[in-house]
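*Asks:* Give me a 3D structure for the following:
(one chain, ligands or ions: 1)
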Amino acid sequence: MWISVNLTFDLLPNVTAPMWNPRLADLSEFPFRRLAGLLAPVAPPQGLGILDLGIGEPKHRPPSILAETVAAEAGSWNLYPPPNGTPAFREAVARWCERRFDLPPGTLEPERMVLPLAGTKEGLYMLAALAVAPRADGRRPAVLMPSPLYAVYLGAAVMAGAEAVPLAATAENGFLPDLDALEPDLLDRTALFYLCSPANPQGVVASGAYLAKALGLARRHGFLLALDECYSEIWDEAPPTGGLAVAHAAGKGFGGLVVLNSLSKRSSAAGLRSGFVAGDPDFLAAFIKLRAYAAPVQPLPLMAAAVALWNDEAHVEASRDRYRRKIDLAERRLAGRLGFYRPPGGFFLWLDVGDGEAAALRLWREAGVRVLPGGYLTPGTHEPDPGERYVRVALVHDGAVVDEALSRLVSTLC
Ligand SMILES: Cc1ncc(COP(=O)(O)O)c(C=O)c1O
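*Replies:* So this is what the prediction gives:
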């Protein structure tokens, strides 16, 4: 069988292998594929059961209004959904943003300032294709991003042909990039700056003053600030402020800013693939033109479910409470160990284990617990690497599973 396949190939005249975009070679495998590769040759212990705290996929049950609304809207599966979403979707998102971020009613115009996304991931990726433009002075555009980071920022920058500039976010700088250290020359050729608050993986929340400074830089140097706020509804003591609130307080509309959010974490509905981008109307006017060519559009029954979810806070409060109780469990197990701190936002622990990859392997081999090495969340350009000492632990399962996993983690690593 194999021989005949090879022969057929050899006999084809003038076969030229297609040339893929070589920029892809600058990216390593996506973190979860790297993790699968690391763990594949190693067997977990027999009979203990595997506990997966690697991926940030919420296991809380989404509220029943999701499935009920999809069922009720079944008559619209035959229709192409509009790329800019339904008026009801844009309205629900605009009003939710105003309620959540204390904006006066009517501040966020649904028609010009909101677009649906198939989850924040695709929006975060695609916006670089628009924000990164060739420069008149011939210099290479730069895209700034924290490190560690959500790998999509890096992939988007690299594939758009920009210079990706990771900014170390370490314990020393409060796990947020040091904005004061950015050189004017770099800022001048910056096309796009990705920031994430609450931050994945460290769970820190950027203050209003920090975000205002980042937005000020964006406006002064003419780049786009893209704020990834997909963990904004998972918080411990206080709701994180957001980019829209900061821009409104600065008083010049939403120019230079887009925020991205989704129902994946807020409503435990990662499979719905539903998010939005809101902010700069000029950017969004161009983005909708691009998206008409390239973007996945959410089907109408799912968009209707998204409307129902953005209009409901009760399920979000209940879910937030469950995360809080899991962080209580973690505090009981880990206080004073492995650099544990209560993350103000999000549902990850960022534990200083000395060597993240070795610890992840050990946890898998000895305890059947899957966690993500912190070094898989950095581009690997800094020395020392701001992720390599850490593992990221996702508290996504129910309390009993999380507690069991943390108990195994403590007895393996401490
Ligand atoms: C920081 C961050 N941004 C964006 C995403 C993508 O989320 P989604 O596309 O489901 O909204 C994730 C997913 O884990 C994430 O951790």
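*Asks:* Can you measure across stretch 372-382, start residue to end residue?
*Replies:* Stretch 372-382 has its terminal residues 19 Å apart, counting by Cα to Cα, to the nearest Å.
*Asks:* Could you pull up the contacting residues of the most centrally placed residue in the chain?
*Replies:* Geometric centre of the chain, nearest residue: residue 150, 5.3 Å, by Cα atoms, centre = their mean. Neighbouring residues of residue 150 by Cβ atoms under 8 Å, 6 or more residues apart in numbering: 124, 196, 200, 228, 377. (Each C-beta comes from the backbone N, C-alpha and C, glycine too.)
*Asks:* Can you report how many residues lie near the fourth one?
*Replies:* Looking back up the chat, that one is residue 228. When neighbours are defined as other Cβ atoms under 10 Å, residue 228 has 29 of them.
*Asks:* Now do the phi/psi pair for it.
*Replies:* phi -90, psi 110 (degrees, to the nearest 10).
*Asks:* what about the stretch 201-350 of the chain, any weak spots by pLDDT?
*Replies:* Within the stretch 201-350 of the chain, no range satisfies pLDDT under 70.
*Asks:* Point out the residues in it that sit beside the ligand.
*Replies:* Residues of the stretch 201-350 of the chain that fall close to the ligand, judged by Cβ under 6 Å from any ligand atom: 228, 230, 262, 264, 270, 275.
*Asks:* And the stretch 1-150 of the chain, by the same measure?
*Replies:* So the stretch 1-150 of the chain meets the ligand at 56, 119, 120, 121, 150 (Cβ under 6 Å from any ligand atom).
*Asks:* Return the closest of these with respect to residue 364.
*Replies:* Closest approach between these and residue 364, by Cβ to Cβ: residue 56, at 18.0 Å.
*Asks:* ok, for that closest one, nearest residue in space, not its chain neighbours?
*Replies:* residue 394 (4.7 Å; Cβ to Cβ, 6 or more residues apart in numbering).
*Asks:* again with residue 164
*Replies:* That would be residue 157: by Cβ to Cβ, 6+ apart, it lies 4.1 Å from residue 164.
*Asks:* which residues of the stretch 301-414 of the chain fall in strands?
*Replies:* 348-352, 369-370, 372-373, 390-394 (DSSP state E, counting those that start in this stretch).
*Asks:* what's the longest helix in the protein?
*Replies:* With residue count as the measure and DSSP state H as the assignment, the chain has helix 314-334 as its longest helix.
*Asks:* What residues does the residue nearest to residue 56 make contact with?
*Replies:* If you count contacts by Cβ under 8 Å, 6+ apart, residue 394 has them with 53, 54, 55, 56, 57, 347, 348, 371, 372.
*Asks:* same thing but at 6 Å, please
*Replies:* 53, 56, 348 (Cβ atoms under 6 Å, 6 or more residues apart in numbering).
*Asks:* So for it, what's the pLDDT?
*Replies:* Looking at residue 394, its pLDDT is 98.
*Asks:* And for residue 18?
*Replies:* pLDDT at residue 18 comes out at 75.
*Asks:* Use 53 as the first number for this chain going forward.
*Replies:* Happy to do that; since the first residue is 53 now, the last one works out to residue 70.
*Asks:* ok, now how distant is it from the ligand?
*Replies:* 29 Å (Cβ to the nearest ligand atom, to the nearest Å).
*Asks:* How about residue 276?
*Replies:* Separation of residue 276 from the ligand (Cβ to the nearest ligand atom): 17 Å.
*Asks:* Please work out how many residues are found near the residue lying closest to that residue once chain neighbours are set aside.
*Replies:* Distances taken as Cβ to Cβ, 6+ apart put residue 183 closest to residue 276, at 4.5 Å, once the chain neighbours are dropped. Using other Cβ under 10 Å, residue 183 has 26 neighbouring residues.
*Asks:* still on that earlier bit, I'd guessed the residue nearest to residue 216 sits against residue 194; true?
*Replies:* No. Between residue 209 and residue 194 there is no contact under Cβ atoms under 6 Å: 8.4 Å.
*Asks:* Looking at these two, which is more packed in?
*Replies:* Ranked by neighbour count (other Cβ under 10 Å), residue 209 and residue 194 place residue 209 first, with 29 against 23.
*Asks:* Tell me which residues are up against the host helix or strand of that one.
*Replies:* Using DSSP states H and E, residue 209 sits within helix 203-211. The contact list for helix 203-211 (Cβ under 6 Å, 6+ apart) reads 75, 78-79, 82-83, 173, 176-177, 180, 195, 197, 216, 246, 431.
*Asks:* Many thanks, I have nothing further to ask.
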